[in-house]
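Participant: Model the following, please.
(one chain, ligands or ions: 1)
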Amino acid sequence: MEELQNAVKDGGLAVSNLPEKGRCLLTTKNFYPGEVILRQEPYVCVPNNTVSRCDGCFASESLKKCSACQVVWYCGSTCQKSEWKLHRLECIALSRLEKEKRKAVTPSIRLMVRLYLRRKLQNEMFIPASVTDSCNFVEALVSHLKDLDEKQLVLYAQMASLVHLILQWPEINLKEIAENFSKLACNAHTISALPNAVLIFEGKSSVVRAVEHIPEGAEVSIAYIDIAGSTMTRQKTLKEQYFFTCTCPRCIKAYNDIQESAILEGYRCKDDRCNGFLLRDSEDKGFICQTCGLLRSKEEVKRIVSEITAISDKELKYKSPGNHEEAISQYKMIEKLQMELCHPFSISLMRTREELLKILMEVGDWREALAYCRLTIPGYQRVYPELHPLLGLQYYTCGKIE
Ligand SMILES: C[S@@+](CC[C@H](N)C(=O)[O-])C[C@H]1O[C@@H](n2cnc3c(N)ncnc32)[C@H](O)[C@@H]1O
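Facilitator: Now for the predicted structure:
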């Protein structure tokens, strides 16, 4: 704790330990919107496997596979050399695996293998360690191991066995590896945020930036999950992945959230000129518009929901080339049904339009892509704070397509 305290002191921060939350950061100076609060290089990192990427710089072009392990990609000799100290040991370990087993080496498994290898190299002084570049920080993270259900424990135990199989270190502690996987899950963040700061990634560094003025003495707070969703949805995700009940002002503002939930996750009024939100009626016949009083029957809602499910259940295979047209037409059918069913600010409708935007950009249909990008903006403006990077990114996408 003292090491951590010293590491952040000069940056205008202090570590505090609150009984109900655990460790958190307090400011000892003012921070202003956009200002960097914290910047941290990764202890270890690996690209995810949705697209092949260079292990050194995460570029996705002009890649060559490591000829020995056939798992890791590089964009050239500069990155290969910069990663060599760590990859040398990883390469030997991966090359020992049978070809079939190598396919099971997911990014999480690789990350854990690299964590142990880096710790070993630092312990043996092959690579330097410093206060902020040390495995001690990983050891201090919360793991919530005791809160995991059996299914999750079994999964982490299996993943730990694979790490053991790769490393083949007799002294390795399987329980510690499983606990590290749990740490990975409940200390991981996406680009998302509410109250006053966001965690974003700039290259390999993680950077926390202020999205509003944070006065001296305030707690720096980032959201762990995507904040587009009702309180119920957000609370459920936080409980399942991070094992706590959030008590931030937005989460405890219950009344307004009934309205907000009905807008973000509920249905639209039968009268398509009316923008009212719907609540379940007391006789359970359906949903009543809170603006004009029209009833939408349960049966009608059910019918449209099942039509949407039927289309979504047909696997949307747009990722393989040649299937784009089919995927576009399927998503358009879903969009049409969602426009009939959901409130205009519905998150599901916004997500469908994002999918369409993605595919239309892939096929280079810029005109339609722009139309869909523009349609997502009002939803983004509603769910993200004014200075949120995801809102900025969506404006940027619109501008770039234009
Ligand atoms: C990424 S860690 C945050 C750092 C952690 N507090 C520590 O001491 O290392 C996430 C965990 O912190 C705790 N936590 C974070 N924010 C909280 C909050 N607003 N209320 C209660 N617990 C919280 C939960 O146990 C959660 O799983």
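
Participant: what stretches of the chain score poorly on pLDDT?
Facilitator: Residue ranges of the chain with pLDDT under 70: 190-195, 254-256, 315-322.

Participant: Break it down into its domains, please.
Facilitator: For the chain, the structural domains run 64-186, 253-401, going by automatic domain parsing.

Participant: Distance to Val8 added to those, as JSON lines?
Facilitator: Heads up, the C-betas are built off the backbone N, CA and C, glycines and all. Shown next, in JSON lines, are the domains of the chain (distance: least, C-beta to C-beta, whole Å):
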{"stretch": "domain 64-186", "distance to Val8": "9"}
{"stretch": "domain 253-401", "distance to Val8": "22"}
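
Participant: Let's have these in TSV, adding distance to Val211 and mean neighbour count.
Facilitator: TSV is the format used below for the domains of the chain (distance: least, C-beta to C-beta, whole Å; neighbours: other C-beta atoms under 10 Å):
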stretch	distance to Val211	mean neighbour count
domain 64-186	23	16
domain 253-401	4	16
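
Participant: The ones you listed: which one's closest to Gln241?
Facilitator: Nearest of the domains of the chain to Gln241, taken as C-beta to C-beta: domain 64-186 at 6.2 Å.

Participant: Can the closest one be said to contact the ligand?
Facilitator: Yes - Domain 64-186 reaches the ligand (C-beta under 6 Å from any ligand atom) through Leu141, Val142, His144, Cys186.

Participant: Quickly note the distance from Thr309 to the ligand.
Facilitator: Distance of Thr309 to the ligand, given as C-beta to the nearest ligand atom, to the nearest Å: 33 Å.

Participant: Counting only helices, which of the residues of domain 64-186 next to the ligand make the cut?
Facilitator: Cys186 (DSSP state H).

Participant: Tell me which two of the residues of domain 64-186 next to the ligand sit farthest apart.
Facilitator: The widest separation within the residues of domain 64-186 next to the ligand, taken as C-beta to C-beta, falls between Leu141 and His144 and amounts to 10.1 Å.

Participant: so the residue of the chain found nearest the ligand bridges to which residues?
Facilitator: Nearest residue of the chain to the ligand (C-beta to the nearest ligand atom) works out as Gly22 at 2.8 Å. Note on Gly22: beta-bridge partners Leu18, judged by DSSP bridges.

Participant: going forward, begin numbering at 55 instead of 1
Facilitator: OK, 55 is where the count begins now, so the last one is Gly76.
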